[in-house]
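S.K.: Take this sequence and fold it.
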Amino acid sequence: MSEMSRYSELRRRYPLFEYAGYSWHPCDEGLRLTYDFRMGDIEFHPTSLIERRPFLDFGLDREAMDRMVFDIGMAELVSYWKCACPPVVRVACGGLDEVQVAFWKKLYWNGLGEFYYTNGLTPAHLREGAEVAPDSENFMTIECSGDACRIPSVPARGRGEDYLVPVGGGKDSVVTLELLRRAGKVIRPLVMNPRGATTECCRVAGFPLEEVLVIRRAIDPTLLQLNQQGYLNGHTPFSAMLAFYTRLASALSGIPNVALSNESSANESTVKGSYVNHQYSKSLEFEDDFRAYVGNEEMRMKNDDSSYNYFSFLRPLSELQIAMLFSRFTDYHDVFRSCNVGSKQDVWCGHCAKCLFAYIILSPFIEPSRMSAIFGHNLLDDRSLCAEFEQLVGQAETKPFECVGTVGEVRQALAMTLRRWYADRGRPSLLVDYEDIHDAVSSIRNSLSTLLPIGNLNAGERNIIEQCIANKN
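M.R.: You can find the predicted model right below:
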């Protein structure tokens, strides 16, 4: 059976996916959230726990809590819906107006672009027109039984200059932490499902785990069992789900600003000439849509500094600029990790595109011997990474389905690396036949000192970055 045929058969077998309910209640461990999804005779009941901390207030207005927890469920459900892609999603425990439904459909469609592409569910995979490939209109219909409502405003207890910083254990969130910390801002790290790198990066920044806002999210094992049985599986918009968790985290902590660490390169598609973007939910397009959904723009226009403010602090920066800044924060070099393959063991696997990208983007700024010590060996001298290298430099149809920078940024980094470290000695094996087409050294220097005029930062936040880029901070 082709992937398209299996997709069609699962949709016939499961015509309806129901968001049946949600619940939340404080317990000894913290605040527990539970969701109830149904698909035929299959039920999913994923849970999350926001760990109890002295700086969290679990006694918020019930109406506000209900709406925030409900919306998290709307973000969670797509991970379960995708296993069979039922044509109808029925929301039985809350309401959405037409604008809100449009928001969710756009998020699901764009956030599942990689899922559809890698599962062969595109028009290019049709079998003589016998099946209908999903498109942005027909892939699902959302039905609601309740009245729509907006999230009520929850005044922050902190100042308008306090920040929650989600920490993923990689270089990007480290740069956000350090720039805000060195600027004298009050910050609080937020970590979902702590692991070695996230815990260690917070520790180096001066935050033991008991001072970190921790969210523990568990996938219902039924979904994993279905995946093993051959149901559909693939990438979902994780960062969008995290966005809705930060809305609740902001309310519970009283900290108004949530400073993400998504850079400008997240806007580039993964598949050339298409909308398919592994990083869609890290893109500026999603950020703007999300801010409109939760009312950021309306509250900010009223100059309400106590209102929730979700934005990416690094949006005006390229990956190359972020790498330059990270190279200065040497205390983190032995503890940060960006490898998804090695995340459970808290190691760099040294054999994936994410490892190779991190190696390339940092190479202009850290000497080769130190890079080899950080990553275990010189990845630019590893011929087994030829396919990944070709993807990263734009010699393949797609970029890697990972959170990596643009082709241009990779080529800039390689040009700088060749000039700085290998002008007078032999090139590593991946670069022996590589044609360095980046001959405008001055343009590279300019790109390192210039911020893009994009993003949702205020003037003070942009100034913090400008000073650090100019090496004034």
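S.K.: now the strands for the stretch 51-200 of the chain?
M.R.: 88-91, 141-144, 162-166, 186-192 (DSSP state E, counting those that start in this stretch).
S.K.: Dump those strands into CSV; add distance to Cys468, mean pLDDT and mean neighbour count as well.
M.R.: C-beta: built from backbone N, CA, C; applies to glycine. Shown next, in CSV, are those (distance: least, CB to CB, whole Å; pLDDT from 0 to 100; neighbours: other CB atoms under 10 Å):
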stretch, distance to Cys468, mean pLDDT, mean neighbour count
strand 88-91, 44, 97, 19
strand 141-144, 43, 94, 16
strand 162-166, 16, 97, 23
strand 186-192, 15, 97, 22
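S.K.: Between those strands, which one is closest to Leu226.
M.R.: Counting by CB to CB, Leu226 lies closest to strand 88-91 out of these; the figure is 17.3 Å.
S.K.: quick one: strands adjacent to the closest one?
M.R.: Looking at strand 88-91 with DSSP bridges, its partner strands are strand 16-26 (parallel), strand 141-144 (parallel).
S.K.: which one of those strands has the most crowded surroundings?
M.R.: Highest mean neighbour count among the strands paired with strand 88-91 (mean count of other CB atoms under 10 Å): strand 16-26, with a mean of 18.
S.K.: What average pLDDT does that one get?
M.R.: Averaged over strand 16-26, pLDDT sits at 97.
S.K.: Going by contacts, tell me the helices and strands next to the following helix or strand past it.
M.R.: Going down the chain from strand 16-26, the next helix or strand is strand 30-39, by DSSP states H and E. Strand 30-39 is packed against strand 16-26, strand 42-44, strand 47-51, helix 62-81, with contacts defined by 3 or more CB pairs under 8 Å, 6 or more residues apart in numbering; DSSP states H and E.
S.K.: And Ala323, how far from Leu317?
M.R.: 10 Å (CB to CB, to the nearest Å).
S.K.: Gly111 too?
M.R.: Taken as CB to CB, the span from Gly111 to Leu317 is 23 Å.
S.K.: If you count surrounding residues, which of those two has more?
M.R.: Leu317 (27 against 23; other CB atoms under 10 Å).
S.K.: dump the residue contacts of that one.
M.R.: Glu263, Ser264, Leu325, Leu451, Leu452, Ile465 (CB atoms under 8 Å, 6 or more residues apart in numbering).
S.K.: among the residues you listed, which are in helices?
M.R.: Leu325, Ile465 (DSSP state H).
S.K.: still on that earlier bit, and the strands of the stretch 51-200 of the chain as TSV, adding distance to Glu210?
M.R.: Formatted as TSV, the strands of the stretch 51-200 of the chain follow (distance: least, CB to CB, whole Å):
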stretch	distance to Glu210
strand 88-91	37
strand 141-144	40
strand 162-166	16
strand 186-192	12
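S.K.: Relative to Glu390, which of those is closest?
M.R.: Per CB to CB, nearest to Glu390 of those: strand 162-166, 32.1 Å.
S.K.: partners of the closest one, with directions?
M.R.: strand 186-192 (parallel), strand 257-260 (parallel).
S.K.: Next, the contact list for Val175, please.
M.R.: Per CB under 8 Å, 6+ apart, neighbours of Val175: Ser261, Leu314, Ile322, Leu325, Phe326, Phe329.
S.K.: would you list the strands paired with strand 88-91 in CSV and tack on distance to Thr246?
M.R.: Compiled in CSV, the strands paired with strand 88-91 are given as follows (distance: least, CB to CB, whole Å):
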stretch, distance to Thr246
strand 16-26, 16
strand 141-144, 23
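S.K.: out of the ones you listed, nearest to Phe58?
M.R.: Across these, Phe58 has its closest neighbour in strand 16-26 (4.4 Å, CB to CB).
S.K.: lowest-pLDDT helix or strand in the protein?
M.R.: Least confident element among the helices and strands of the chain, by mean pLDDT, DSSP states H and E: helix 296-301 (a mean of 50).
S.K.: The helix or strand following that helix pairs with which strands?
M.R.: With elements assigned by DSSP H and E, the helix or strand that comes after helix 296-301 is strand 309-312. Sheet pairing of strand 309-312 (DSSP bridges) gives strand 257-260 (parallel).
S.K.: For the partner strand, which outside residues touch it?
M.R.: 160-166, 176, 180, 190, 239, 246, 249-250, 282, 287, 308-314.
S.K.: picking that back up, can you say which of the helices and strands packed on strand 30-39 is nearest to Val432?
M.R.: helix 62-81 (42.9 Å).
S.K.: from the chain's centre, how far out does the closest one sit?
M.R.: 18 Å (CA atoms, centre = their mean, to the nearest Å).
S.K.: Give me the angle between that helix and strand 30-39.
M.R.: 50 degrees (axes from the mean of the first three to the mean of the last three CA atoms, to 10 degrees).
S.K.: can you pull the buried residues of helix 62-81?
M.R.: 65-81 (16 or more other CB atoms under 10 Å).
S.K.: Tell me where the model's unsure across the stretch 201-350 of the chain.
M.R.: 296-306 (pLDDT under 70).
S.K.: those helices in it, which residues are they?
M.R.: 221-228, 238-253, 284-294, 296-301, 319-327 (DSSP state H, counting those that start in this stretch).
S.K.: Return the distance of stretch 319-339 from the chain's centre.
M.R.: How far stretch 319-339 lies from its chain's middle: 18 Å, per CA atoms, centre = their mean.
S.K.: Now render the helices of the stretch 201-350 of the chain as CSV, adding mean neighbour count and distance to Met416.
M.R.: Formatted as CSV, those follow (neighbours: other CB atoms under 10 Å; distance: least, CB to CB, whole Å):
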stretch, mean neighbour count, distance to Met416
helix 221-228, 14, 42
helix 238-253, 23, 29
helix 284-294, 19, 26
helix 296-301, 15, 37
helix 319-327, 24, 8
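S.K.: Apply the buried test to the contacts of Leu317 and list what passes.
M.R.: Glu263, Ser264, Leu325, Leu451, Ile465.
S.K.: For the nearest residue to the fourth one once chain neighbours are set aside, grab the count of nearby residues.
M.R.: It stands for Leu451. Counting by CB to CB, 6 or more residues apart in numbering, Leu451 lies nearest to Pro316, which is 4.0 Å off, once chain neighbours are set aside. Close neighbours of Pro316, defined as other CB under 10 Å, add up to 21.
S.K.: Was I right to think Pro316 contacts Asn463?
M.R.: No. Using CB atoms under 8 Å, Pro316 is not in contact with Asn463; the gap is 11.4 Å.
S.K.: Could you say whether the residue lying farthest from the centre of the chain sits in a helix, a strand or coil?
M.R.: The centre of the chain is farthest from one residue, Asp424, which by CA atoms, centre = their mean lies 39.6 Å away. Secondary structure, DSSP: H, G, I helix; E, B strand; the rest coil: Asp424 is coil.
S.K.: any idea how far Ala373 is from Cys352?
M.R.: 19 Å.
S.K.: between these two, who's got more neighbours?
M.R.: Cys352 (20 against 13).
S.K.: and the more buried one, what pLDDT?
M.R.: So Cys352 comes in at 94 (pLDDT).
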